[in-house]
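Colleague: The amino acid sequence is not available; the structure is as follows:
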């Protein structure tokens, strides 16, 4: 009997991270020019809402010694996911050859790289 693989379903993009050389300048541009609104801010990162459900996160590359002009323009993409079993989702990704890592404060937050090496993050609003 053939076993059906778990169908993982994305529900939207939570946020995209952009490294910046000057956090204040980037905040001003995204808010004043592109009309985004402040969601959350710390000394080295700012989350801006763009629409009802999407965000852009600006990370201060100068605080981490990152040259933002050398292929660090996209740190990772975070995707909102339909509620599913963390264990089943992790197992399915591992079947596909993905190496799973976690965020320390939330073991149900899944990080992995796509086939081209882009870092992706899966976020769940709840856990089974």
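Modeller: Thanks, I have the structure now. It should be emphasised that the depicted structure is a prediction, and the values quoted were computed from it without experimental measurement. Numbering: from 1, shown residues only.
Colleague: burial count for residue 42?
Modeller: Residue 42 sits with 10 neighbouring residues when counted by other C-beta atoms under 10 Å. Placement of C-beta: from N, CA and C, glycine included.
Colleague: what do you get for residue 15?
Modeller: The number of residues near residue 15, taken as other C-beta under 10 Å, comes to 21.
Colleague: Contacts only, for it.
Modeller: With contacts defined as C-beta atoms under 8 Å, 6 or more residues apart in numbering, the neighbours of residue 15 are 47, 54-57, 77-78.
Colleague: Can you tell me which of those residues is nearest residue 123?
Modeller: Nearest to residue 123 among the contacts of residue 15 is residue 78, at 5.6 Å by C-beta to C-beta.
Colleague: Confirm the closest one sits in a strand?
Modeller: Yes - per DSSP: H, G, I helix; E, B strand; the rest coil, residue 78 lies within a strand segment.
Colleague: beta partners for it?
Modeller: Under DSSP bridges, the beta-bridge partners of residue 78 are residue 15, residue 121.
Colleague: ok, so of the contacts of residue 15, who is nearest residue 28?
Modeller: residue 56 (13.6 Å).
Colleague: Hmm, the closest one is touching residue 18, no?
Modeller: Yes - between residue 56 and residue 18 there is a contact under C-beta atoms under 8 Å: 6.3 Å.
Colleague: ok so, going back, going by neighbour count, which of the contacts of residue 15 are buried?
Modeller: For the contacts of residue 15, a neighbour count by 16 or more other C-beta atoms under 10 Å gives the buried set as 47, 55-57, 78.
Colleague: Just the ones of those in strands?
Modeller: The strands, defined by DSSP state E, take in 47, 55-57, 78 from these.
Colleague: so which one among those has the lowest pLDDT?
Modeller: Ranked by pLDDT, those bottom out at residue 78 (85).
Colleague: Name all residues that make contact with that one.
Modeller: 13-17, 120-123.
Colleague: Could you check how far the residue lying closest to residue 82 once chain neighbours are set aside is from residue 17?
Modeller: Of all residues not flanking residue 82 in the chain, residue 9 sits nearest, at 4.7 Å (C-beta to C-beta, 6 or more residues apart in numbering). Here residue 9 is placed at a distance of 23 Å from residue 17 (C-beta to C-beta, to the nearest Å).
Colleague: Perfect, that will be all.
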